[in-house]
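Asker: Would you be able to build a 3D model of this:
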Amino acid sequence: MKVENVKKLEVTRKKYFKLRNTILCVLGFLIFLIVIINLYKYIMIKKIWKANLGVEFGDNYKITIDKDRDEIPDEYVYYKDGIKKIVNVNDNRSEIFITEDMEYCIDEYTKSYFTIEPQNGDKYCPQKMNMFLYNDLNVTKNMKTTLQSTIFDLAKSNVKLGKEILDGKEYIVFQQDNSKMYLNPTTYIAEIITKKHDNGSYYYVKMTVEPNVVTEKIELPNLEEYKNNTEH
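Answerer: Purely as a prediction, here's the structure:
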C-alpha cells in the first residue's frame, strides 16, 4: 500500500473516531439530562404527595373552599375537639361530621342521617386534610396502586413543574394537560386548583386554611332526633 493511501486511511480513521466520540458524548449528556430531569420530577412529586395527602393543621382549623371565584364561599371545613365538620353553603340543609370511628351525613330537611364506616377495620383521621379532595387532575383518579408506584408513574408521565404568579402570589405549579395545582412554594400544599375544559369552561377551586380560629364547640347533633337511613 502506498504511503499516501496509508496517510489518507489514518486521517479517515481519526475523523471517524472523533465523530464517534462526539456522538457518544452528546448521547451520554442527553441521557444524563433525562435522568436528572426525571429524578427532579420524582423528588418534587414525592414532596407534593407527602405534603397534601394527609396534612395536619393542628387541633383547631378552618378551611374555606371557594369555587369559581364566587363572592360567597361554597364550603367550609372545621376541625376542633377531635371532630371534623363539613358544611356546604349552597345546601345548608346538610352537614357532615367525621370522627375516628364514623362519618355522619346529616340532612336537616328530612331530619335523617346515614353513616359510613372506615374500610378494612381502619380508622378515620379527622385531624388530617386531603388537599387533593377537590382535585380535578386525572393523576389522582386511580389510587389503587401503591403510593410509590403512583409517584413513579407520574414522574414518567406528561406532568410539568414550574412557577407562575396567580392572584398576585407566586406558586409552584404542578401541571398535567390543562389541569394545574398551585402549590405554596414553602410548604408544597395545594392552595388553588384550575382546569380549562375543552368546551371553554374554567374550573377553579381555592382552599384557604386558617389555624386556631374555630371558637364554637364541634359536636354531633342529637341523633335520636333523626331517622337513621343507613343501609344494612
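Asker: biggest helix in the chain by residues?
Answerer: The single longest helix within the chain, with elements called by DSSP state H, is helix 3-52.
Asker: gap between that helix and the chain center?
Answerer: 34 Å (C-alpha atoms, centre = their mean, to the nearest Å).
Asker: Return the list of helices and strands in contact with that helix.
Answerer: helix 147-156, strand 160-166, strand 179-183 (3 or more C-beta pairs under 8 Å, 6 or more residues apart in numbering; DSSP states H and E). C-betas here are computed from N, CA, C, even on glycine.
Asker: Confidence-wise, which of those is weakest overall?
Answerer: Of all the helices and strands packed on helix 3-52, mean pLDDT reaches its minimum on helix 147-156 (a mean of 58).
Asker: Work out which residue lies at the spatial centre of the chain.
Answerer: residue 132 (4.2 Å; C-alpha atoms, centre = their mean).
Asker: Tell me the predicted confidence for that residue.
Answerer: Residue 132 is given a pLDDT of 81.
Asker: Same check on residue 169?
Answerer: Residue 169 is assigned 92 on the pLDDT scale.
Asker: what's the answer for the one 4 residues further on, then?
Answerer: Confidence at residue 173, expressed as pLDDT, is 93.
Asker: which residues sit in contact with it?
Answerer: 160, 161, 162, 163, 164, 180, 181, 182, 183 (C-beta atoms under 8 Å, 6 or more residues apart in numbering).
Asker: what do you get for residue 130?
Answerer: 52, 53, 54, 55.
Asker: try it again with 6 Å
Answerer: Applying C-beta atoms under 6 Å, 6 or more residues apart in numbering, we find residue 130 in contact with residue 53.
Asker: ok, and the closest non-adjacent residue to residue 81?
Answerer: residue 218 (5.0 Å; C-beta to C-beta, 6 or more residues apart in numbering).
Asker: do the same with residue 86
Answerer: residue 96 is the one closest to residue 86 (C-beta to C-beta, 6+ apart), at 4.2 Å.
Asker: tally of neighbours for the one you found?
Answerer: 16 (other C-beta atoms under 10 Å).
Asker: quick check: mean pLDDT across the longest helix of the chain?
Answerer: 79.
Asker: Check stretch 88-102 too.
Answerer: Across stretch 88-102, the average pLDDT comes to 86.
Asker: Nothing else from me, thank you.
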